[in-house]
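A.B. asks: After the sequence you'll find the predicted model.
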Amino acid sequence: MKSTLNFPALIFYMGCWLFLFSNVVAHPFYVSVCQIDYNSDTNSLEITLKLFTDDLESALIGNDAEELYLGTEKEVESADSLISAYIVKHLSIDVEGKRQAWQYLGKEVDIDATWCYLEITEVPVLNELKLSSRIFLESFETQQNIIHVAVGKRKKSLLLDRGETSGILTF
């Protein structure tokens, strides 16, 4: 039996596929991922923070910043300082019970994600980390912040959200 598809049916099916595809492109979940690696050779914490670029811009604009145009030729000069200030306000790391100051090293912008790089130096020993992340919690009700920590071959993770914004990992 030969199957045929008339023009109105073809338009209907193409419309359905377009609707489904458009929902896939806009991410329906809100998440950040933070990877922290302890480098025992340099006694430092190397931190990579992956954020959805549109969420980052939305959060920064919500804090009275102008349009940033991240990753484009029109990116504003103050983008790095605005991002760094936002992260300082929303991410804290305590090592052995002491709050740490980290250095913002820079960022890379992919199509959908912005990768921010941070470093904490002079960490001779790492037995306990207290991590607090309130990234995007003021912007998105269902925001989740995942933190992965690697100390040598030991790896641990935290899932933080509005109900639990901080946690402690011991190694």
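C.D. replies: Arrived safely, thanks for sending. Numbers count the residues shown, from 1 in each chain.

A.B. asks: Identify the residues contacting the closest residue to residue 145 other than its chain neighbours.
C.D. replies: Leaving aside its sequence neighbours, residue 145 sits nearest to residue 133 (C-beta to C-beta, 6 or more residues apart in numbering; 4.0 Å). (Glycine included, C-beta is placed from N, CA and C.) For residue 133, the contacting residues are 32, 34, 90, 91, 145, 147, 160, 165, 166, by C-beta atoms under 8 Å, 6 or more residues apart in numbering.

A.B. asks: Buried only: go through those for me.
C.D. replies: Buried members of the contacts of residue 133, scored by 16 or more other C-beta atoms under 10 Å, are 32, 34, 90, 91, 145, 147, 160, 165.

A.B. asks: Surely the fourth one and residue 51 touch.
C.D. replies: This means residue 91. No. Using C-beta atoms under 8 Å, residue 91 is not in contact with residue 51, being 10.8 Å away.

A.B. asks: so what sits against both of these two?
C.D. replies: Residues touching both residue 91 and residue 51 (C-beta under 8 Å, 6+ apart) are residue 135.

A.B. asks: what pairs with the residue nearest to residue 145 across the strands?
C.D. replies: Here residue 133 sits in beta bridges with residue 91, as judged by DSSP bridges.

A.B. asks: what separates it from residue 43, distance-wise?
C.D. replies: Relative to residue 43, residue 133 is positioned 23 Å away (C-beta to C-beta, to the nearest Å).

A.B. asks: before we move on, the earlier item: so of the contacts of residue 133, which ones are in strands?
C.D. replies: Under the assignment DSSP state E, these contribute 32, 34, 91, 145, 147, 160, 166 to strands.

A.B. asks: wait, what's in contact with the first one?
C.D. replies: Going back to what we said before, that points to residue 32. 49, 50, 51, 52, 55, 133, 135, 136, 143, 144, 145, 146.

A.B. asks: Give me the neighbour count for residue 94.
C.D. replies: For residue 94, the neighbour count with other C-beta atoms under 10 Å is 15.

A.B. asks: Now do the contacts for it.
C.D. replies: 100, 129, 130, 131.

A.B. asks: Show me the strands in the protein, by range?
C.D. replies: Counting by DSSP E, the strands of the chain are 31-39, 44-52, 91-95, 98-99, 103-109, 113-120, 128-133, 144-151, 154-160, 166-170.

A.B. asks: Those strands into CSV, with extra columns for distance to residue 60 and mean pLDDT?
C.D. replies: Output for the strands of the chain, formatted as CSV (distance: least, C-beta to C-beta, whole Å; pLDDT from 0 to 100):
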stretch, distance to residue 60, mean pLDDT
strand 31-39, 14, 97
strand 44-52, 10, 98
strand 91-95, 14, 97
strand 98-99, 24, 96
strand 103-109, 12, 97
strand 113-120, 11, 98
strand 128-133, 16, 97
strand 144-151, 17, 98
strand 154-160, 20, 97
strand 166-170, 23, 97
